[in-house]
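[1] Have a look at this prediction, sequence included:
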Amino acid sequence: MTRSRISESLWETLESLLPQRRSSPKGGRPRVDDRAALNGILFVLFTGIPWEDLPQELGFGSGMTCWRRLREWQDSGVWVRLHAMMLSRLRGYDAIDWGRVSIDSASVASPPGGQQTGPNPTDRGKLGSKRHIAVDRQGIPLAVVVTGANRHDSKELEVVLDAIPPVAGKRGRPRMRPDKVHADKGYDYPRCRKAIAERGIMARIARRGVESSERLGRHRWVVERTHAWLAGFGKLRIRFERSIETHTALLMLACSIICSRHLERYFR
(Lines give C-alpha, C1' and ligand atoms only; values in the text may rest on other atoms or scores of the structure.)
Protein backbone atom coordinates (compact mmCIF):
# COMPACT_ATOMS: atom_id res chain seq x y z
CA MET A 1 0.00 0.00 0.00
CA THR A 2 1.30 3.45 -0.89
CA ARG A 3 1.56 6.29 1.53
CA SER A 4 -1.53 8.16 0.30
CA ARG A 5 -3.84 5.44 -1.01
CA ILE A 6 -5.88 2.83 0.84
CA SER A 7 -5.80 -0.83 -0.19
CA GLU A 8 -8.87 -2.22 -1.95
CA SER A 9 -9.52 -4.85 0.72
CA LEU A 10 -9.43 -2.31 3.54
CA TRP A 11 -11.58 0.17 1.64
CA GLU A 12 -14.24 -2.45 0.86
CA THR A 13 -14.45 -3.38 4.52
CA LEU A 14 -14.57 0.22 5.66
CA GLU A 15 -17.14 1.30 3.06
CA SER A 16 -19.68 -1.15 4.43
CA LEU A 17 -19.35 0.45 7.89
CA LEU A 18 -19.72 4.11 6.94
CA PRO A 19 -22.92 5.82 8.08
CA GLN A 20 -25.33 6.72 5.32
CA ARG A 21 -25.80 10.44 4.75
CA ARG A 22 -28.70 12.13 3.01
CA SER A 23 -28.20 15.08 0.71
CA SER A 24 -29.22 18.38 2.22
CA PRO A 25 -32.38 19.81 0.56
CA LYS A 26 -30.83 23.26 0.96
CA GLY A 27 -27.98 22.40 -1.38
CA GLY A 28 -24.63 23.95 -0.54
CA ARG A 29 -21.07 22.88 -1.21
CA PRO A 30 -20.79 19.20 -2.29
CA ARG A 31 -19.48 16.89 0.41
CA VAL A 32 -15.95 15.58 -0.14
CA ASP A 33 -16.03 11.97 -1.28
CA ASP A 34 -15.55 9.51 1.59
CA ARG A 35 -12.71 7.67 -0.13
CA ALA A 36 -10.90 10.91 -0.91
CA ALA A 37 -11.28 12.03 2.72
CA LEU A 38 -9.98 8.69 3.90
CA ASN A 39 -6.92 8.99 1.68
CA GLY A 40 -6.33 12.43 3.19
CA ILE A 41 -6.51 10.90 6.67
CA LEU A 42 -4.04 8.24 5.57
CA PHE A 43 -1.65 10.82 4.16
CA VAL A 44 -1.60 12.66 7.48
CA LEU A 45 -1.31 9.38 9.42
CA PHE A 46 1.68 8.19 7.41
CA THR A 47 3.55 11.47 7.07
CA GLY A 48 2.76 13.01 10.45
CA ILE A 49 2.18 16.48 8.99
CA PRO A 50 -0.24 18.87 10.74
CA TRP A 51 -3.80 18.58 9.48
CA GLU A 52 -3.80 22.13 8.20
CA ASP A 53 -0.74 21.38 6.01
CA LEU A 54 -2.45 18.69 3.94
CA PRO A 55 -1.69 19.69 0.29
CA GLN A 56 -4.87 20.72 -1.52
CA GLU A 57 -3.48 19.58 -4.88
CA LEU A 58 -3.75 15.94 -3.77
CA GLY A 59 -7.52 16.15 -4.15
CA PHE A 60 -8.33 14.84 -0.67
CA GLY A 61 -10.09 17.96 0.54
CA SER A 62 -8.79 20.24 3.25
CA GLY A 63 -7.03 18.96 6.33
CA MET A 64 -9.87 20.16 8.54
CA THR A 65 -12.38 18.29 6.37
CA CYS A 66 -10.36 15.09 6.80
CA TRP A 67 -10.01 15.71 10.53
CA ARG A 68 -13.75 16.21 10.91
CA ARG A 69 -14.45 13.04 8.92
CA LEU A 70 -12.04 11.10 11.16
CA ARG A 71 -13.90 12.34 14.26
CA GLU A 72 -17.32 11.79 12.69
CA TRP A 73 -16.48 8.16 11.99
CA GLN A 74 -14.91 7.78 15.42
CA ASP A 75 -18.13 8.99 17.03
CA SER A 76 -20.04 6.43 14.94
CA GLY A 77 -17.79 3.60 16.13
CA VAL A 78 -16.42 2.97 12.64
CA TRP A 79 -12.76 2.50 13.57
CA VAL A 80 -13.42 -0.02 16.34
CA ARG A 81 -15.73 -2.02 14.08
CA LEU A 82 -13.23 -1.86 11.22
CA HIS A 83 -10.50 -3.36 13.38
CA ALA A 84 -12.86 -6.09 14.62
CA MET A 85 -13.89 -6.95 11.05
CA MET A 86 -10.28 -7.12 9.87
CA LEU A 87 -9.53 -9.51 12.73
CA SER A 88 -12.55 -11.62 11.76
CA ARG A 89 -11.32 -11.82 8.17
CA LEU A 90 -7.90 -12.89 9.40
CA ARG A 91 -9.43 -15.57 11.61
CA GLY A 92 -11.41 -16.82 8.62
CA TYR A 93 -8.05 -17.64 7.01
CA ASP A 94 -6.71 -19.17 10.26
CA ALA A 95 -4.22 -16.30 10.28
CA ILE A 96 -4.54 -15.45 14.00
CA ASP A 97 -2.48 -17.61 16.33
CA TRP A 98 -4.33 -17.79 19.65
CA GLY A 99 -1.75 -20.11 21.15
CA ARG A 100 0.37 -17.27 22.49
CA VAL A 101 -0.41 -13.59 22.97
CA SER A 102 2.17 -11.05 24.13
CA ILE A 103 1.41 -7.88 26.08
CA ASP A 104 3.63 -4.85 26.50
CA SER A 105 3.60 -1.06 26.43
CA ALA A 106 5.56 1.76 24.81
CA SER A 107 5.72 5.41 25.84
CA VAL A 108 5.16 8.22 23.35
CA ALA A 109 5.99 11.87 23.94
CA SER A 110 2.98 14.19 23.99
CA PRO A 111 4.25 17.80 24.07
CA PRO A 112 0.80 19.45 23.93
CA GLY A 113 -0.52 17.32 26.82
CA GLY A 114 -4.20 16.49 26.78
CA GLN A 115 -6.32 13.54 27.81
CA GLN A 116 -4.58 10.35 28.94
CA THR A 117 -1.15 11.95 29.30
CA GLY A 118 1.12 12.14 32.30
CA PRO A 119 4.74 12.69 33.38
CA ASN A 120 6.98 10.04 31.90
CA PRO A 121 9.31 8.71 34.64
CA THR A 122 11.75 7.46 31.99
CA ASP A 123 11.93 10.80 30.15
CA ARG A 124 12.68 13.35 32.90
CA GLY A 125 9.00 13.77 33.72
CA LYS A 126 8.02 15.10 30.30
CA LEU A 127 4.39 14.67 29.32
CA GLY A 128 3.61 11.53 27.38
CA SER A 129 1.17 8.73 26.72
CA LYS A 130 1.63 4.99 26.93
CA ARG A 131 0.31 2.47 24.41
CA HIS A 132 -0.54 -0.91 25.88
CA ILE A 133 -1.03 -3.57 23.21
CA ALA A 134 -1.79 -7.26 22.93
CA VAL A 135 -0.55 -9.10 19.83
CA ASP A 136 -0.67 -12.67 18.59
CA ARG A 137 2.39 -14.77 17.76
CA GLN A 138 2.84 -12.94 14.43
CA GLY A 139 2.44 -9.46 15.86
CA ILE A 140 -1.14 -8.90 14.69
CA PRO A 141 -2.57 -6.23 17.03
CA LEU A 142 -5.57 -7.63 18.92
CA ALA A 143 -6.11 -4.73 21.34
CA VAL A 144 -4.70 -1.31 22.16
CA VAL A 145 -5.28 0.85 25.24
CA VAL A 146 -3.94 4.38 25.86
CA THR A 147 -3.02 5.75 29.28
CA GLY A 148 -0.78 8.42 30.73
CA ALA A 149 2.94 7.64 30.56
CA ASN A 150 3.06 7.39 34.36
CA ARG A 151 0.59 4.50 34.46
CA HIS A 152 2.23 1.21 35.53
CA ASP A 153 1.95 -1.63 33.02
CA SER A 154 0.66 -4.13 35.56
CA LYS A 155 -2.39 -1.99 36.36
CA GLU A 156 -3.56 -2.16 32.73
CA LEU A 157 -3.17 -5.89 32.12
CA GLU A 158 -6.84 -6.70 32.76
CA VAL A 159 -7.99 -3.73 30.70
CA VAL A 160 -5.87 -4.82 27.73
CA LEU A 161 -7.03 -8.45 27.92
CA ASP A 162 -10.66 -7.38 28.12
CA ALA A 163 -10.16 -4.98 25.19
CA ILE A 164 -9.61 -7.93 22.82
CA PRO A 165 -12.89 -8.00 20.87
CA PRO A 166 -14.90 -11.16 20.16
CA VAL A 167 -13.42 -12.30 16.85
CA ALA A 168 -15.76 -14.17 14.51
CA GLY A 169 -14.77 -15.51 11.09
CA LYS A 170 -15.46 -19.18 11.80
CA ARG A 171 -18.47 -21.26 12.68
CA GLY A 172 -19.30 -21.31 16.36
CA ARG A 173 -18.75 -18.72 19.04
CA PRO A 174 -16.39 -15.80 18.41
CA ARG A 175 -13.06 -16.10 20.17
CA MET A 176 -11.46 -13.49 22.42
CA ARG A 177 -9.22 -15.44 24.82
CA PRO A 178 -5.75 -16.77 23.94
CA ASP A 179 -4.33 -19.98 25.36
CA LYS A 180 -1.30 -18.28 26.91
CA VAL A 181 -0.15 -14.74 27.72
CA HIS A 182 3.53 -13.73 27.66
CA ALA A 183 4.62 -10.64 29.59
CA ASP A 184 7.82 -9.18 31.01
CA LYS A 185 8.81 -8.53 34.62
CA GLY A 186 6.71 -5.40 34.77
CA TYR A 187 3.69 -7.69 35.14
CA ASP A 188 5.21 -9.96 37.79
CA TYR A 189 2.58 -9.39 40.46
CA PRO A 190 0.15 -11.84 42.10
CA ARG A 191 -2.83 -9.77 40.93
CA CYS A 192 -1.69 -10.11 37.31
CA ARG A 193 -1.29 -13.86 37.53
CA LYS A 194 -4.68 -14.12 39.26
CA ALA A 195 -6.39 -11.97 36.62
CA ILE A 196 -4.97 -14.12 33.82
CA ALA A 197 -5.97 -17.37 35.55
CA GLU A 198 -9.50 -16.10 36.19
CA ARG A 199 -9.92 -15.72 32.44
CA GLY A 200 -8.86 -19.30 31.78
CA ILE A 201 -5.51 -18.31 30.31
CA MET A 202 -2.06 -19.69 31.10
CA ALA A 203 0.41 -17.05 32.34
CA ARG A 204 4.02 -16.91 31.21
CA ILE A 205 5.42 -13.90 33.06
CA ALA A 206 9.13 -13.34 33.66
CA ARG A 207 9.92 -13.47 37.38
CA ARG A 208 11.91 -10.63 38.87
CA GLY A 209 15.28 -11.68 40.19
CA VAL A 210 14.88 -15.20 38.78
CA GLU A 211 14.63 -15.20 34.99
CA SER A 212 16.64 -13.19 32.51
CA SER A 213 14.85 -10.98 30.03
CA GLU A 214 16.62 -12.73 27.15
CA ARG A 215 14.92 -16.06 27.85
CA LEU A 216 11.39 -14.74 27.52
CA GLY A 217 12.51 -12.34 24.82
CA ARG A 218 12.78 -15.22 22.37
CA HIS A 219 8.98 -15.19 22.23
CA ARG A 220 8.17 -11.58 23.08
CA TRP A 221 10.08 -9.83 20.31
CA VAL A 222 6.92 -9.81 18.19
CA VAL A 223 5.23 -7.26 20.46
CA GLU A 224 8.27 -4.99 20.21
CA ARG A 225 8.07 -5.26 16.43
CA THR A 226 4.40 -4.25 16.47
CA HIS A 227 5.29 -1.21 18.56
CA ALA A 228 7.85 -0.39 15.86
CA TRP A 229 5.17 -0.80 13.17
CA LEU A 230 2.94 1.67 15.01
CA ALA A 231 5.84 4.08 15.42
CA GLY A 232 6.32 3.88 11.64
CA PHE A 233 3.15 5.95 11.24
CA GLY A 234 4.38 9.52 11.45
CA LYS A 235 1.31 10.80 13.26
CA LEU A 236 1.80 8.20 16.03
CA ARG A 237 5.54 8.65 16.55
CA ILE A 238 4.87 11.71 18.70
CA ARG A 239 1.37 12.39 19.95
CA PHE A 240 0.25 15.88 18.96
CA GLU A 241 -3.47 15.19 19.30
CA ARG A 242 -4.74 16.52 22.62
CA SER A 243 -8.06 14.71 22.24
CA ILE A 244 -7.91 11.03 23.21
CA GLU A 245 -10.75 10.33 20.75
CA THR A 246 -8.71 11.61 17.81
CA HIS A 247 -5.56 9.82 18.93
CA THR A 248 -7.45 6.57 19.48
CA ALA A 249 -9.08 6.84 16.05
CA LEU A 250 -5.66 7.11 14.40
CA LEU A 251 -4.37 4.18 16.46
CA MET A 252 -7.28 1.94 15.53
CA LEU A 253 -6.89 2.84 11.85
CA ALA A 254 -3.18 2.01 12.06
CA CYS A 255 -4.00 -1.37 13.65
CA SER A 256 -6.46 -2.07 10.82
CA ILE A 257 -3.80 -1.22 8.25
CA ILE A 258 -1.38 -3.66 9.90
CA CYS A 259 -4.11 -6.31 9.75
CA SER A 260 -4.71 -5.56 6.07
CA ARG A 261 -1.03 -6.09 5.32
CA HIS A 262 -1.27 -9.55 6.83
CA LEU A 263 -4.40 -10.20 4.77
CA GLU A 264 -2.77 -9.21 1.49
CA ARG A 265 -0.71 -12.40 1.41
CA TYR A 266 -3.94 -14.35 0.82
CA PHE A 267 -4.83 -12.35 -2.31
CA ARG A 268 -1.56 -12.68 -4.20
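    The structure has been received and is ready for your questions. If you're wondering where the values come from, they're calculated on a predicted model, not measured in any experiment.

[2] So what sits opposite residue 202 in the bridge?
    residue 180 (DSSP bridges).

[3] quick one, what contacts residue 143?
    Listed by Cβ atoms under 8 Å, 6 or more residues apart in numbering, the contact partners of residue 143 are 133, 134, 160, 161, 163, 164, 165. In short, each C-beta sits where N, CA and C put it, glycine included.

[4] Check the secondary structure at it for me.
    Judged by DSSP: H, G, I helix; E, B strand; the rest coil, the three-state class of residue 143 is strand.

[5] So for it, what pLDDT did the model give?
    Residue 143 is assigned 98 on the pLDDT scale.

[6] what's the closest non-adjacent residue to it?
    Distance criterion Cβ to Cβ, 6 or more residues apart in numbering; nearest residue to residue 143, sequence neighbours excluded, is residue 163 at 3.8 Å.

[7] Could you report the separation of the one you found from residue 252?
    11 Å (Cβ to Cβ, to the nearest Å).

[8] who's in contact with residue 224?
    residue 104.

[9] before we move on, which element is residue 103 in?
    Per DSSP states H and E: residue 103 is located in strand 101-109.

[10] What does residue 230 show for phi and psi?
    Main-chain dihedrals, residue 230, degrees, to the nearest 10: phi -60, psi -40.

[11] re the thing from before, who are the contact partners of the residue nearest to residue 143?
    134, 143, 144, 145.

[12] can you pick the most crowded of the residues you listed?
    For those, counting by other Cβ atoms under 10 Å, the largest number of neighbours falls to residue 134: 24 neighbours.

[13] Let me know the secondary structure of that one.
    strand.

[14] coming back round to it: got any residues that touch both of residue 163 and residue 252?
    residue 144.

[15] Give me the mean pLDDT for stretch 70-83.
    Mean predicted lDDT for stretch 70-83 stands at 96.
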